[in-house]
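**Q** any chance you can model this:
(one chain, ligands or ions: 2)
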Amino acid sequence: MPHVITRTCQGTCNTACATVCPVDCIHGPIPLAQLPAATPRERARDHPTLQLFIDPEECIDCGGCVEVCPVDAIYPDYAVPEPLREDIARNAEFFAERDAT
Ligand code: SF4
Ligand code: SF4
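**A** Ligands and ions are numbered 1, 2, ... in the order given. This next block holds a predicted model:
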């Protein structure tokens, strides 16, 4: 029953969730250190489809990431809204593909 980052993250992606995660299970396709230094406008311009993902094997369901997300992009998997439900698999697939390389 892990938490899930939905596509709502795209266009904001400020890494606040990764900063508070106690088990370091939130990652993305580029090094996160590149993102906080950019302004919100620069992030949206330079990385319009970038989003982070939660490793379902590592998440301990503490809910801390939900509290800090400015765009309400994160849900427990059972509560992901219907139009975003395919994002549950997208989170798992990101880590499966990353770990296979
Ligand atoms: S619910 Fe907790 S453990 Fe899971 S991704 Fe969010 S901060 Fe990390
Ligand atoms: S806090 Fe929200 S908007 Fe920021 S990176 Fe995490 S999921 Fe994306």
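**Q** show me where the protein has its helices.
**A** All helices of the chain, identified by DSSP state H, fall at 16-20, 40-46, 64-68, 86-100.
**Q** which one of those lies closest to ligand 1?
**A** Among the helices of the chain, the nearest to ligand 1 by CB to the nearest ligand atom is helix 64-68 (3.3 Å). (Each C-beta comes from the backbone N, C-alpha and C, glycine too.)
**Q** list the buried residues in the helix-or-strand element of the chain with minimal mean pLDDT.
**A** When the helices and strands of the chain are compared on mean pLDDT, DSSP states H and E, helix 40-46 comes out lowest with a mean of 87. By neighbour count, with 16 or more other CB atoms under 10 Å as the criterion, the buried positions of helix 40-46 are Arg43.
**Q** likewise stretch 86-99?
**A** Using 16+ other CB under 10 Å as the test for burial, stretch 86-99 gives 87-88, 91-92, 94-95.
**Q** and the two most separated of the residues you listed?
**A** Put simply, by CB to CB the two of the buried residues of stretch 86-99 set farthest apart are Asp87 and Phe95, 13.6 Å from each other.
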